[in-house]
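> Build the 3D model from these lines:
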Amino acid sequence: MFVKIFRNISRLAAFVAVLVLCGGHLATLQVVAWTGMVVSYSARDGFVAGVKNTFDGDHPCSLCKAVKKGQQQEEQKPASVQSRVQKIEALALSPRPLPLVREASLISFWQGMEISLEARMERPPVPPPRIA
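Predicted coordinates for the structure are as follows:
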């Protein structure tokens with residue numbers, strides 16, 4: 001029972017994480033804002049006028065303005081991410097001295113590998129027969 005609950009919670013968490021990474025949280029807020037706008041404008045002017053006022057872009061609500069501001073902030077983030085990627089690439093391509101490795105440590109490492117491989121080449125012991 002707890003496994004099923006944990007599985008469902010983990011799936012929900014993964015879905016929410018993907019939704020946030022793809023910008024779906026802003027899309028969800030926008031749908032909520034449109035729904036509220038259609039309801040409020042329709043109560044005042046009728047359904048057709050309410051839908052028209054909702055989607056014409058001339059009558060945004062406060063939530064629509066907040067979503068637009070969030071989208072603009074999301075668009076500005078890739079520039080900073082791009083600059084970080086360029087810095088990482090520059091560091092990766094810059095010439096660096098290789099760390100010194102002692103030959104003795106490499107030899108002892110490989111000798112240890114040979115011993116462990118030789119030990120694994122033997123067949124495993126056969127268990128004694130069971131008493132019937």
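
> Which stretches in the chain count as helices?
2-21, 24-45, 47-55, 62-93, 103-121 (DSSP state H).

> got those helices as CSV, with distance to Pro128, mean pLDDT and mean neighbour count columns?
For the C-beta atoms, the positions are set from N, CA and C on the backbone; glycine is no exception. Conversion of the helices of the chain to CSV gives the following (distance: least, Cβ to Cβ, whole Å; pLDDT from 0 to 100; neighbours: other Cβ atoms under 10 Å):
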stretch, distance to Pro128, mean pLDDT, mean neighbour count
helix 2-21, 39, 87, 10
helix 24-45, 63, 89, 15
helix 47-55, 82, 90, 15
helix 62-93, 58, 76, 11
helix 103-121, 22, 58, 9
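
> Adding distance to Pro129, write these out as TSV.
Below are the helices of the chain laid out as TSV (distance: least, Cβ to Cβ, whole Å):
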stretch	distance to Pro129
helix 2-21	40
helix 24-45	64
helix 47-55	82
helix 62-93	61
helix 103-121	25
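
> Nearest approach to Arg130 belongs to which of those helices?
helix 103-121 (27.2 Å; Cβ to Cβ).

> What's the end-to-end length of stretch 36-56?
One end of stretch 36-56 to the other measures 15 Å (Cα to Cα, to the nearest Å).

> which other residues reach that stretch?
Residues outside stretch 36-56 that contact it (Cβ atoms under 8 Å, 6 or more residues apart in numbering): 34, 59, 61, 63-64.

> Quick check: the farthest pair among those?
Of all pairs in the contacts of stretch 36-56, the most separated under Cβ to Cβ is His59 and Leu63 at 12.5 Å.

> a markdown table for the contacts of stretch 36-56, including distance to Lys87?
Below are these laid out as a markdown table (distance: Cβ to Cβ, whole Å):
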| residue | distance to Lys87 |
| --- | --- |
| Trp34 | 40 |
| His59 | 44 |
| Cys61 | 41 |
| Leu63 | 37 |
| Cys64 | 36 |
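
> Could I get the CA-only coordinates of stretch 18-27 as PDB?
Provided in PDB are the C-alpha atoms of stretch 18-27 (Å, rounded to 0.1, in the frame of the first residue of the first chain):
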ATOM      1  CA  VAL A  18       8.800  18.600 -15.800                       C
ATOM      2  CA  LEU A  19       5.900  21.200 -15.900                       C
ATOM      3  CA  VAL A  20       8.100  23.800 -14.200                       C
ATOM      4  CA  LEU A  21      11.100  23.100 -16.300                       C
ATOM      5  CA  CYS A  22       9.100  23.500 -19.500                       C
ATOM      6  CA  GLY A  23       7.500  26.700 -18.300                       C
ATOM      7  CA  GLY A  24       4.200  25.000 -17.800                       C
ATOM      8  CA  HIS A  25       3.600  26.800 -14.500                       C
ATOM      9  CA  LEU A  26       3.200  30.100 -16.400                       C
ATOM     10  CA  ALA A  27       0.900  28.400 -19.000                       C
END
